[in-house]
Every structure is written in C-alpha cells, then in structure tokens.
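Q: sequence? don't have it. structure:
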C-alpha cells in the first residue's frame, strides 16, 4: 500500500513542500529561552544533557549563553563549549553579546581557551521606536556595528550581526547598518521579530529585501541570512516556515518555545513540520526525551494539548476514533493505525497511539485496553467498565480501570 493510495494531500505544491530546501537550525533554549520570566535557569549538568540531545536530533548550532552577563553565565558557556570539544559533537557554539567590548571579550577568551571558534551573535536595536527611546542616531549605530564586527573578525571568530526588532526597522537604517557589517567582515545577518509583530507576508518581504541587498553587493555567497522569531501573535511557527520558503539559511527557536513574554518559535515544532514537509532530517525519535528534559530542567509545564509532545497528542477515548485505530491495528498495519486519526505519525518521534476509556468510549475501547494488557476481556468485565465510564465526564485514569478489574476478579 502506497501513502498516495489512502491519503490525498492538498498541502503538496509550491508552498507545501520543503523537500530539497536546505536550512540550518539554531537553538536558543539556553540563552534567549531562559530569559522567560517564569522558568529557572537549568543546572549545568542538565545543560550538558540538553546539548547532547540537540546534537542527536540534528540541530546545527546552539547559543550557549551570554558570557558577559556574569560569572555563572561565563562558567556555563565555557563548560558547554569545552563539552563540544571533548565529546566531539557535531553541534557548534554561538554566544550572544551586545555590540560592546565588555560582552565581546569573554567570548573571544572562551574561543581561545577551548580552541573552538565561537560564533558571536551581537545584537543592536535598530527600530525607530528603540532609537527614539534610547536617544540614538544612525551615526552611533553604525559606529557600534563597525567596531564590534572588526573586533570579532580580528579575533578570529565568526561574527553574526543581529538587528533587534528588524521587522519594524526602516529599510534605510537597515541598509546602512547591514552594509557596515558586511564591509567589516560579518558572515551572517540575523533578522529578528523581537516583539512578535511579524506576519508571514512581512517575513517574506523582509527576507527577500535582505537577499536582494546581498546580491546587490555581490556577497550572497559569503554572507548568510537568519530568521529569529517570537510568538506574541501566535504566528512564530508559520513565520519561520515562511522564512525558510523565502530563502533564509538558518532559523532560530527554543525547545517548547520558551522565552520572554509568550516565548520564541518552538524549535521542536519546526523540526516536526520540516519532517512532515519533506525536509532532509534524520532520526527524531529522541526529540520527545529532549522536550521532557527541558520541561523538567526549566520547570515549565507541557500543556496536555501541546502538539506531538503533550499528554493528549496521541490519546483518544472517543468511540468512533478509537474504533478506526483499533481496526487498523487488527489488520496488523501499524503504519495505517498511526495515521488514520493523526496528521502526525507518532512513531517518527518515538511515541505511539493510545486508546483510553471514558464517557465517550465504546466497547471496542475497553476490549482493546484490556487486550493490550493481556487481561481477558470477558463480557461481564467489559460491561462493568463500560457502565462505570458512562457515569463520568472525563477519561478514566489507568489505576481506576485497574481497580475495576481487581474488584471484578474478587
């Protein structure tokens, strides 16, 4: 059986297929993510485990911190970069910084100590509203851009220039700053939706404008373009996919979308959607473990309805839905069972479809639940569970069903 025989996919087409579009993934969980006001900064051991799992799921770079923020940030950043060297990981480090020598020096020092070039991502506010509030002018911004870029290039580390609030910045200002950064040797321009203002149309317009600027200067082969999104309007995921379609070389996100205010783009959701849209990705069966680790280490709850990794993502207690899944399983076709009532194949991510029992369940739910646990599904037991379930207004916990089984045996 071919997929095309049982699924007609209206998504396929010009904007529904990312197969063959190269894109690199950058994780900000341990820097921008931990700026969330309601989570805790993980202990160093947890950070090491997070980085290992990011490497396993194929994330290319990760921001290990802002070393200029203080001794803890410096120590953790140094330890993670050294880990990448010692464990020969494929993932590569970046560090955030203001366009200020006090932030740049610690990064250059970490790079020298470890022998691994650490990509600097130096940010500078560029929107008119920020310039007005700070009483900045373009001359000052250009000077900061040139000085910081030159300092890092002379120090032998890659320099990525980050314009904060790019999506609300004037093109004349962006042109002046981008040209200054390029002239001084920047290797990447990072476009930011710092306050979650963007729509997909705005993302495409900004990315294409930037790519045209690079072509105009003949540097499109040595200067790349990144997209960094936030989720204030609930559009960060679709904005990131729009950035990929528009030609961005690398996109940013955090596990579970943690970050300031309502958070960043969820990089786990980017990975899931790239996989579903035909992207060239490897084994993502460890992605669930990574999501759970970040949840625990950062003390952030995963909503039950969170896509793919929430408790309810692959669980159903509805009779009609469950019956279809059960029929597929009884055909011996796990592929079919994983897709009959799911747009995301659970097996791709080390997960599985779960049949539960509740007030909307049918008898097939109960029989299947018992059979999966090698409990004889006698008619009297099935009826006892069914009658109890119909008195509730929710799904039953496993221990509740088990209690009925034990009572029936006695």
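A: Now that the structure is in, tell me what you want to look at. Please read all numbers here as calculations on a predicted model, not as lab measurements.
Q: show me where the stretch 301-410 of the chain has its strands.
A: In the stretch 301-410 of the chain, the strands defined using DSSP state E, counting those that start in this stretch lie at 315-316, 354-355.
Q: residues in contact with the first one?
A: For strand 315-316, the surrounding residues in contact (CB atoms under 8 Å, 6 or more residues apart in numbering) are 322, 325, 341, 353, 354, 355, 356, 395. Backbone N, C-alpha and C define where each C-beta goes, glycine included.
Q: so which of those residues is the most crowded?
A: For those, the largest number of neighbours (other CB atoms under 10 Å) sits with residue 322, at 27 neighbours.
Q: how near is that one to residue 378?
A: 20 Å (CB to CB, to the nearest Å).
Q: where does this structure dip in pLDDT?
A: 1, 13-17 (pLDDT under 70).
Q: hmm, 80 instead?
A: 1-7, 9-20, 319, 321-322, 329-334, 410 (pLDDT under 80).
Q: centroid-nearest residue for it?
A: residue 267 (0.8 Å; CA atoms, centre = their mean).
Q: does that one touch residue 253 like I think?
A: Yes. Using CB atoms under 8 Å, residue 267 makes contact with residue 253 at a distance of 3.0 Å.
Q: what sits in contact with each of those two?
A: Joint contacts of residue 267 and residue 253 (CB under 8 Å, 6+ apart) are 25, 27, 28.
Q: closest to residue 10 out of the residues you listed?
A: residue 25 (26.8 Å; CB to CB).
Q: just the residues contacting the host helix or strand of that closest one, thanks.
A: Assessed by DSSP states H and E, residue 25 sits inside strand 24-27. With contacts defined as CB under 8 Å, 6+ apart, strand 24-27 is touched by 54, 58-63, 94, 226, 249-255, 267, 270-271.
Q: which of those residues are buried?
A: 54, 58-59, 61-63, 94, 226, 249-255, 267, 270-271 (16 or more other CB atoms under 10 Å).
Q: so which of the residues you listed are in strands?
A: Of the buried ones among the contacts of strand 24-27, the ones assigned to strands by DSSP state E are 61, 62, 63, 94, 226, 250, 251, 252, 253.
Q: in a markdown table: those, plus distance to residue 318.
A: Formatted as a markdown table, these follow (distance: CB to CB, whole Å):
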| residue | distance to residue 318 |
| --- | --- |
| 61 | 42 |
| 62 | 40 |
| 63 | 42 |
| 94 | 45 |
| 226 | 42 |
| 250 | 41 |
| 251 | 36 |
| 252 | 37 |
| 253 | 32 |
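Q: so which of these would you say is closest to residue 48?
A: The nearest one, if we look at those relative to residue 48 and count by CB to CB, is residue 62, at 11.8 Å.
Q: show me where the stretch 101-250 of the chain has its strands.
A: Under DSSP E, counting those that start in this stretch, the stretch 101-250 of the chain gives strands at 119-125, 159-164, 188-192, 224-228, 250-253.
Q: out of these, which is the most enclosed?
A: Ranked by mean neighbour count, those are led by strand 250-253 with a mean of 26 (mean count of other CB atoms under 10 Å).
Q: what lines up beside that one in the sheet?
A: strand 24-27 (parallel), strand 224-228 (parallel) (DSSP bridges).
Q: got a list of contacts for the longest one?
A: For strand 224-228, the external contacting residues (CB under 8 Å, 6+ apart) are 26, 28, 160, 162, 187-194, 203, 207, 210-211, 214, 239-240, 243-244, 247-252, 264.
Q: so where do the helices sit in the stretch 51-200 of the chain?
A: 71-86, 101-114, 128-134, 138-154, 171-184, 200-216 (DSSP state H, counting those that start in this stretch).
Q: of these, which is nearest residue 10?
A: It's helix 200-216; of the helices of the stretch 51-200 of the chain, that one is closest to residue 10 (CB to CB) at 18.2 Å.
Q: ok, and for that closest one, which residues are buried?
A: Across helix 200-216, burial judged by 16+ other CB under 10 Å covers 200, 202, 203, 204, 206, 207, 210, 211, 213, 214.
Q: wait, the last one touches residue 208, no?
A: Put plainly, it is residue 214. No. With contact defined as CB under 8 Å, residue 214 does not reach residue 208; the gap is 10.8 Å.
Q: how's this structure carved up into domains?
A: According to automatic domain parsing, the chain comprises the domains 10-298, 315-409.
Q: let me know which of the ones you listed is tucked in deepest.
A: Per stretch, and counting mean count of other CB under 10 Å, the top mean among those goes to domain 10-298, which has a mean of 19.
Q: ok now that one, how far from the chain's centre?
A: What separates the centre of domain 10-298 from the centre of its chain is 12 Å, taken as CA atoms, centre = their mean, to the nearest Å.
Q: okay, how far is it across that domain, tip to tip?
A: For domain 10-298, the first-to-last residue distance is 38 Å (CA to CA, to the nearest Å).
Q: next one: stretch 155-162
A: End-to-end distance of stretch 155-162 (CA to CA): 19 Å.
Q: other residues contacting that stretch?
A: With CB under 8 Å, 6+ apart as the criterion, stretch 155-162 contacts 94, 104, 107-108, 111, 117-124, 145, 148-149, 152-153, 177-178, 181, 185-190, 192, 226, 228.
Q: 7 Å instead, please
A: The list of residues contacting stretch 155-162 from outside it, by CB atoms under 7 Å, 6 or more residues apart in numbering, reads 107-108, 111, 117-124, 145, 149, 152-153, 181, 185-190, 192, 226.
Q: and for stretch 403-410?
A: Taking CB under 7 Å, 6+ apart as the rule, stretch 403-410 contacts 375, 380, 381, 384, 385, 388.
Q: stretch 37-51 now?
A: 29-30, 34, 62, 76, 79-80, 83, 91, 258, 290, 293-294, 297-300.
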